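Student: All I have is the shape, not the residue letters:
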(Lines give C-alpha, C1' and ligand atoms only; values in the text may rest on other atoms or scores of the structure.)
Protein backbone atom coordinates (compact mmCIF):
# COMPACT_ATOMS: atom_id res chain seq x y z
CA UNK A 1 0.00 0.00 0.00
CA UNK A 2 1.22 3.52 -0.82
CA UNK A 3 1.49 5.55 2.39
CA UNK A 4 2.36 9.20 3.02
CA UNK A 5 3.45 9.74 6.64
CA UNK A 6 1.87 12.68 8.45
CA UNK A 7 -0.31 13.59 5.46
CA UNK A 8 -4.08 13.83 5.51
CA UNK A 9 -5.79 14.65 2.25
CA UNK A 10 -7.71 17.98 2.44
CA UNK A 11 -10.85 16.34 1.05
CA UNK A 12 -10.80 14.11 4.14
CA UNK A 13 -10.05 17.02 6.46
CA UNK A 14 -12.77 19.38 5.22
CA UNK A 15 -15.65 17.38 3.70
CA UNK A 16 -18.29 19.86 4.89
CA UNK A 17 -16.64 22.84 3.14
CA UNK A 18 -17.62 21.52 -0.26
CA UNK A 19 -21.31 21.38 0.71
CA UNK A 20 -21.24 24.75 2.47
CA UNK A 21 -19.13 26.75 0.00
CA UNK A 22 -19.96 25.05 -3.31
CA UNK A 23 -16.53 25.66 -4.87
CA UNK A 24 -13.39 24.95 -2.85
CA UNK A 25 -9.70 25.24 -3.76
CA UNK A 26 -7.41 22.76 -2.00
CA UNK A 27 -3.65 23.31 -2.30
CA UNK A 28 -0.69 21.10 -1.38
CA UNK A 29 -2.42 17.93 -2.55
CA UNK A 30 -0.08 14.94 -2.69
CA UNK A 31 -2.26 12.02 -3.69
CA UNK A 32 -5.80 10.64 -3.62
CA UNK A 33 -8.06 10.86 -0.55
CA UNK A 34 -8.04 7.06 -0.37
CA UNK A 35 -4.31 6.44 -0.83
CA UNK A 36 -3.98 3.61 -3.31
CA UNK A 37 -7.51 2.35 -2.63
CA UNK A 38 -10.18 3.10 -5.28
CA UNK A 39 -11.70 6.56 -4.95
CA UNK A 40 -14.95 7.79 -6.51
CA UNK A 41 -16.04 11.42 -6.14
CA UNK A 42 -19.66 12.54 -6.09
CA UNK A 43 -18.49 16.01 -7.15
CA UNK A 44 -16.56 17.54 -10.04
CA UNK A 45 -12.80 17.68 -9.56
CA UNK A 46 -10.31 19.84 -11.47
CA UNK A 47 -6.74 18.70 -10.73
CA UNK A 48 -3.81 20.99 -11.60
CA UNK A 49 -0.41 19.30 -11.39
CA UNK A 50 2.51 21.48 -10.27
CA UNK A 51 5.41 19.05 -9.92
CA UNK A 52 6.30 15.38 -9.65
CA UNK A 53 4.09 12.67 -11.08
CA UNK A 54 1.24 10.40 -9.99
CA UNK A 55 0.34 7.39 -12.13
CA UNK A 56 -3.20 6.17 -11.69
CA UNK A 57 -6.03 4.18 -13.20
CA UNK A 58 -9.03 6.17 -14.40
CA UNK A 59 -11.77 3.54 -14.43
CA UNK A 60 -9.83 0.87 -16.37
CA UNK A 61 -7.59 3.27 -18.33
CA UNK A 62 -4.00 4.14 -17.36
CA UNK A 63 -3.59 7.89 -16.76
CA UNK A 64 -1.33 10.28 -14.88
CA UNK A 65 -1.01 13.72 -13.29
CA UNK A 66 2.25 15.64 -13.48
CA UNK A 67 3.71 19.13 -13.88
CA UNK A 68 1.48 21.35 -16.05
CA UNK A 69 -1.31 18.80 -16.51
CA UNK A 70 -4.92 19.73 -15.79
CA UNK A 71 -7.57 17.04 -15.39
CA UNK A 72 -11.34 17.53 -15.35
CA UNK A 73 -12.90 14.54 -13.60
CA UNK A 74 -16.65 14.06 -13.69
CA UNK A 75 -18.59 12.45 -10.83
CA UNK A 76 -18.81 8.68 -10.38
CA UNK A 77 -15.56 7.75 -12.12
CA UNK A 78 -13.17 5.58 -10.15
CA UNK A 79 -9.55 6.58 -9.61
CA UNK A 80 -6.86 4.34 -8.15
CA UNK A 81 -3.30 5.48 -7.47
CA UNK A 82 -0.62 3.19 -8.90
CA UNK A 83 2.46 5.17 -7.91
CA UNK A 84 3.42 8.68 -6.83
CA UNK A 85 6.75 10.49 -6.56
CA UNK A 86 7.77 12.08 -3.26
CA UNK A 87 7.72 15.56 -4.80
CA UNK A 88 4.24 15.29 -6.34
CA UNK A 89 2.14 18.40 -5.67
CA UNK A 90 -1.22 19.50 -7.07
CA UNK A 91 -4.11 21.88 -6.54
CA UNK A 92 -7.69 20.59 -6.59
CA UNK A 93 -10.79 22.63 -7.33
CA UNK A 94 -13.84 20.77 -6.03
CA UNK A 95 -17.23 21.78 -7.41
CA UNK A 96 -20.40 20.63 -5.69
CA UNK A 97 -22.45 18.69 -8.23
CA UNK A 98 -25.56 20.78 -7.51
CA UNK A 99 -23.89 23.92 -8.91
CA UNK A 100 -23.82 22.56 -12.45
CA UNK A 101 -27.42 23.76 -12.83
CA UNK A 102 -26.06 27.34 -12.80
CA UNK A 103 -26.41 28.58 -16.41
CA UNK A 104 -22.89 30.02 -16.29
CA UNK A 105 -21.53 26.53 -15.58
CA UNK A 106 -23.34 24.83 -18.45
CA UNK A 107 -19.87 24.65 -20.02
CA UNK A 108 -19.20 21.70 -17.69
CA UNK A 109 -21.94 19.76 -19.44
CA UNK A 110 -20.45 20.77 -22.80
CA UNK A 111 -17.05 19.47 -21.71
CA UNK A 112 -18.38 16.07 -20.68
CA UNK A 113 -18.30 14.81 -24.26
CA UNK A 114 -14.55 15.37 -24.50
CA UNK A 115 -13.22 15.03 -20.95
CA UNK A 116 -14.97 11.93 -19.65
CA UNK A 117 -13.04 9.56 -21.95
CA UNK A 118 -9.73 11.46 -21.48
CA UNK A 119 -9.72 13.81 -18.47
CA UNK A 120 -6.18 15.24 -18.76
CA UNK A 121 -4.58 17.88 -20.97
CA UNK A 122 -0.90 18.88 -20.90
CA UNK A 123 -0.35 22.65 -20.94
CA UNK A 124 2.71 24.59 -22.00
CA UNK A 125 4.36 26.98 -19.51
CA UNK A 126 2.42 30.03 -20.65
CA UNK A 127 -0.96 28.25 -20.53
CA UNK A 128 -0.17 26.80 -17.11
CA UNK A 129 0.80 30.24 -15.79
CA UNK A 130 -2.46 31.79 -16.98
CA UNK A 131 -4.51 28.98 -15.43
CA UNK A 132 -2.71 29.38 -12.09
CA UNK A 133 -3.38 33.15 -12.17
CA UNK A 134 -7.12 32.44 -12.46
CA UNK A 135 -6.90 30.02 -9.52
CA UNK A 136 -5.10 32.69 -7.49
CA UNK A 137 -8.06 34.97 -8.21
CA UNK A 138 -10.34 32.32 -6.71
CA UNK A 139 -8.16 32.14 -3.61
CA UNK A 140 -8.28 35.95 -3.30
CA UNK A 141 -12.08 35.96 -3.42
CA UNK A 142 -12.05 33.47 -0.53
CA UNK A 143 -9.44 35.38 1.51
CA UNK A 144 -11.27 38.70 1.24
CA UNK A 145 -14.68 37.16 2.01
CA UNK A 146 -16.26 39.37 -0.66
CA UNK A 147 -20.02 39.82 -1.06
CA UNK A 148 -21.55 37.40 -3.55
CA UNK A 149 -18.51 35.18 -3.06
CA UNK A 150 -20.10 32.13 -4.69
CA UNK A 151 -21.19 34.16 -7.73
CA UNK A 152 -17.65 35.48 -8.18
CA UNK A 153 -16.15 32.01 -7.72
CA UNK A 154 -18.60 30.65 -10.29
CA UNK A 155 -17.61 33.29 -12.85
CA UNK A 156 -13.91 32.64 -12.32
CA UNK A 157 -14.47 28.91 -12.62
CA UNK A 158 -16.40 29.41 -15.86
CA UNK A 159 -13.53 31.52 -17.21
CA UNK A 160 -10.99 28.86 -16.22
CA UNK A 161 -12.98 26.11 -17.95
CA UNK A 162 -13.34 28.16 -21.13
CA UNK A 163 -9.60 28.80 -21.17
CA UNK A 164 -8.93 25.13 -20.65
CA UNK A 165 -11.29 24.15 -23.46
CA UNK A 166 -9.57 26.65 -25.75
CA UNK A 167 -6.14 25.24 -24.95
CA UNK A 168 -7.27 21.66 -25.44
CA UNK A 169 -9.01 22.56 -28.70
CA UNK A 170 -5.77 24.02 -30.04
CA UNK A 171 -3.81 20.90 -29.16
CA UNK A 172 -6.41 18.70 -30.82
CA UNK A 173 -6.22 20.77 -34.01
CA UNK A 174 -2.43 21.03 -34.07
CA UNK A 175 -1.38 17.53 -33.17
CA UNK A 176 -4.44 15.34 -33.62
CA UNK A 177 -3.84 14.01 -30.11
CA UNK A 178 -7.24 12.32 -29.90
CA UNK A 179 -8.44 10.60 -33.05
CA UNK A 180 -11.74 9.34 -31.65
CA UNK A 181 -14.70 10.12 -33.88
CA UNK A 182 -16.57 11.66 -30.94
CA UNK A 183 -13.67 14.02 -30.13
CA UNK A 184 -13.54 15.26 -33.72
CA UNK A 185 -17.32 15.59 -33.71
CA UNK A 186 -17.22 17.74 -30.58
CA UNK A 187 -14.51 19.92 -32.12
CA UNK A 188 -16.61 20.43 -35.26
CA UNK A 189 -19.78 20.98 -33.23
CA UNK A 190 -18.31 23.84 -31.19
CA UNK A 191 -17.33 25.60 -34.41
CA UNK A 192 -20.40 24.93 -36.55
CA UNK A 193 -23.48 24.37 -34.34
CA UNK A 194 -24.91 27.80 -35.19
CA UNK A 195 -25.00 26.97 -38.90
CA UNK A 196 -25.49 23.21 -38.88
CA UNK A 197 -27.82 21.17 -36.69
CA UNK A 198 -28.05 18.11 -38.94
CA UNK A 199 -26.12 14.89 -38.28
CA UNK A 200 -25.31 14.55 -41.98
CA UNK A 201 -23.03 17.60 -41.97
CA UNK A 202 -20.85 16.22 -39.15
CA UNK A 203 -20.90 12.70 -40.59
CA UNK A 204 -19.61 14.04 -43.90
CA UNK A 205 -16.73 15.79 -42.14
CA UNK A 206 -15.82 12.46 -40.55
CA UNK A 207 -16.12 10.72 -43.96
CA UNK A 208 -18.80 8.37 -42.59
CA UNK A 209 -22.42 7.70 -43.42
CA UNK A 210 -24.86 9.38 -40.99
CA UNK A 211 -26.01 6.00 -39.67
CA UNK A 212 -22.50 4.68 -39.02
CA UNK A 213 -21.39 8.04 -37.61
CA UNK A 214 -24.28 8.06 -35.12
CA UNK A 215 -23.51 4.48 -34.10
CA UNK A 216 -19.85 5.27 -33.41
CA UNK A 217 -20.65 8.45 -31.45
CA UNK A 218 -23.12 6.56 -29.27
CA UNK A 219 -20.62 3.76 -28.67
CA UNK A 220 -17.96 6.25 -27.59
CA UNK A 221 -20.10 8.61 -25.50
CA UNK A 222 -23.31 6.79 -24.59
CA UNK A 223 -25.42 9.40 -26.41
CA UNK A 224 -26.45 9.92 -30.02
CA UNK A 225 -25.05 12.61 -32.29
CA UNK A 226 -28.51 14.22 -32.40
CA UNK A 227 -28.49 14.44 -28.60
CA UNK A 228 -25.13 16.25 -28.58
CA UNK A 229 -26.21 18.71 -31.26
CA UNK A 230 -29.37 19.61 -29.38
CA UNK A 231 -27.44 19.74 -26.11
CA UNK A 232 -24.89 22.20 -27.53
CA UNK A 233 -27.57 24.52 -28.93
CA UNK A 234 -29.73 24.45 -25.78
CA UNK A 235 -26.78 25.04 -23.43
CA UNK A 236 -25.68 28.07 -25.43
CA UNK A 237 -29.26 29.35 -25.57
CA UNK A 238 -29.65 29.00 -21.79
CA UNK A 239 -26.51 31.01 -21.17
CA UNK A 240 -27.57 33.81 -23.53
CA UNK A 241 -31.08 33.96 -22.07
CA UNK A 242 -29.67 34.04 -18.55
CA UNK A 243 -26.92 36.65 -18.85
CA UNK A 244 -27.86 38.74 -21.91
CA UNK A 245 -31.05 40.45 -20.79
CA UNK A 246 -30.35 43.13 -23.37
CA UNK A 247 -31.13 40.58 -26.09
CA UNK A 248 -34.69 39.78 -27.12
CA UNK A 249 -35.68 36.16 -27.78
CA UNK A 250 -35.58 37.03 -31.49
CA UNK A 251 -32.00 38.31 -31.12
CA UNK A 252 -30.96 35.11 -29.35
CA UNK A 253 -32.57 33.09 -32.14
CA UNK A 254 -30.60 35.13 -34.68
CA UNK A 255 -27.31 34.58 -32.84
CA UNK A 256 -27.92 30.83 -32.81
CA UNK A 257 -28.65 30.70 -36.53
CA UNK A 258 -32.40 30.05 -36.51
CA UNK A 259 -34.48 31.34 -39.42
CA UNK A 260 -37.13 32.77 -37.13
CA UNK A 261 -38.15 33.04 -33.50
CA UNK A 262 -40.88 30.41 -33.79
CA UNK A 263 -38.51 27.65 -34.92
CA UNK A 264 -36.07 28.56 -32.14
CA UNK A 265 -38.85 28.43 -29.55
CA UNK A 266 -39.97 24.99 -30.75
CA UNK A 267 -36.39 23.68 -30.69
CA UNK A 268 -35.71 25.09 -27.21
CA UNK A 269 -38.97 23.74 -25.78
CA UNK A 270 -38.25 20.23 -27.12
CA UNK A 271 -34.97 20.27 -25.20
CA UNK A 272 -36.12 21.89 -21.96
CA UNK A 273 -39.90 21.65 -21.67
CA UNK A 274 -40.05 25.45 -21.42
CA UNK A 275 -40.30 28.26 -23.93
CA UNK A 276 -37.34 30.69 -23.99
CA UNK A 277 -39.47 33.36 -22.29
CA UNK A 278 -40.56 30.94 -19.55
CA UNK A 279 -36.95 29.87 -18.97
CA UNK A 280 -35.80 33.50 -18.72
CA UNK A 281 -38.55 34.38 -16.25
CA UNK A 282 -37.81 31.29 -14.14
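Tutor: Yep, it's here. Because the structure is a prediction, the values reported are computed rather than measured.
Student: Sort out which residues of the helix or strand where residue 18 lies are buried, please.
Tutor: Using DSSP states H and E, residue 18 maps to helix 15-21. Neighbour-count burial for helix 15-21 flags 17-18, 21 (criterion: 16 or more other Cβ atoms under 10 Å). Any C-beta I mention is one placed from the backbone N, CA and C, and that applies to glycine too.
Student: Also stretch 80-92?
Tutor: 80-81, 84, 88-92.
Student: repeat for stretch 157-173
Tutor: So, applying 16+ other Cβ under 10 Å, buried residues of stretch 157-173: 157-158, 160-161, 163-165, 167-169, 171-172.
Student: hey, which helix or strand in this protein has the poorest pLDDT?
Tutor: Sorting the helices and strands of the chain by mean pLDDT, DSSP states H and E puts helix 106-115 at the bottom, at a mean of 73.
Student: for residue 268, what are its contacts?
Tutor: Neighbouring residues of residue 268 by Cβ atoms under 8 Å, 6 or more residues apart in numbering: 234, 237, 274-276, 279.
Student: one more time with 10 Å
Tutor: By Cβ atoms under 10 Å, 6 or more residues apart in numbering, the contact set of residue 268 is 230, 233-234, 237-238, 241, 249, 252-253, 256, 258, 274-279.
Student: again with residue 100
Tutor: 43-44, 74-75, 106-109, 112.
Student: what about burial for those residues, which qualify?
Tutor: Using 16+ other Cβ under 10 Å, the buried ones in these are 43-44, 74, 106-109, 112.
Student: picking up where we left off before, the helix holding residue 18 packs against which elements?
Tutor: helix 10-13, strand 23-29, strand 89-95, helix 149-175 (3 or more Cβ pairs under 10 Å, 6 or more residues apart in numbering; DSSP states H and E).
Student: List just the nearest of the buried ones among the contacts of residue 100 to residue 34.
Tutor: Among the buried ones among the contacts of residue 100, residue 43 lies closest to residue 34 (Cβ to Cβ), at 14.8 Å.
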